[in-house]
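Trainee: curious how this folds, go ahead:
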Amino acid sequence: MDATLFAAIFPPPAARAVLEQVQADLRRQVAERVTWVVPERLHVTVFFFGDERLRGVEEIDGMVRWALDVVGAGAFDLTLDGLGVLRHRVGDGHRSIHLDGGGCKPLVDLAGRINRSTNRPPHLTLGRTRARVALPALAVPPVTFRAERIALVRSASEGTQRGYRVLREWQLPAGAAPWRGYGMPPS
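Mentor: Numbers count the residues shown, from 1 in each chain. Below is the predicted model of the structure:
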């Protein structure tokens, strides 16, 4: 079975409704064949761990707990801003149409603490395609919501386990000290 693991933040219903509207606007304007992410699967990818056979859930749990402790992670406001296309060099070489989360310092610090050498910038994928995509000049306002938990998600592409399954969740405490954000870890 082909399954991957990633750390994600799922937007609350109000933010998801805004994201669904962005998707609808894009659908009307993007001519290429795109597979759109269904609303209940919309998430911000904090870190992509890859093939589940390479790392166990307990190892990932330790990595994420350490990263949360180091950056002093409490709940934070997460802003997605900027429509883009990212070509993935692994797997089937698809392109993702996404909103960028790279301007959100707490999110970037957390992703970098998990493993900055292999991580892609945090983003929320709206759709996937193998075709080259010409994005329309669409004015997408920043989407901001409160990030209160991070989930470890298993994504299976075939069989009876097909789809997303949350394996673990980490609560970001509301009353935590302000985000320390030490920046990127030493190389």
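
Trainee: which SS class is Thr125?
Mentor: Secondary structure assignment for Thr125 (DSSP: H, G, I helix; E, B strand; the rest coil): strand.

Trainee: contacts only, for it.
Mentor: When contacts are counted by CB atoms under 8 Å, 6 or more residues apart in numbering, Thr125 touches 37, 45, 96-98. In short, each C-beta sits where N, CA and C put it, glycine included.

Trainee: cool, Leu68 as well?
Mentor: Leu68 makes contact with 110, 150, 170, 172, according to CB under 8 Å, 6+ apart.

Trainee: distance check, it against Gly82.
Mentor: Relative to Gly82, Leu68 is positioned 26 Å away (CB to CB, to the nearest Å).

Trainee: how about Pro12?
Mentor: Distance, Pro12 to Gly82, using CB to CB: 21 Å.

Trainee: which of these two has more neighbours?
Mentor: Gly82 (14 against 11; other CB atoms under 10 Å).

Trainee: what's the local residue count around the residue lying closest to Pro12 once chain neighbours are set aside?
Mentor: Using CB to CB, 6 or more residues apart in numbering and skipping residues adjacent in sequence, the residue nearest Pro12 is Phe145, 5.6 Å away. Neighbours of Phe145 under the rule other CB under 10 Å: 20.
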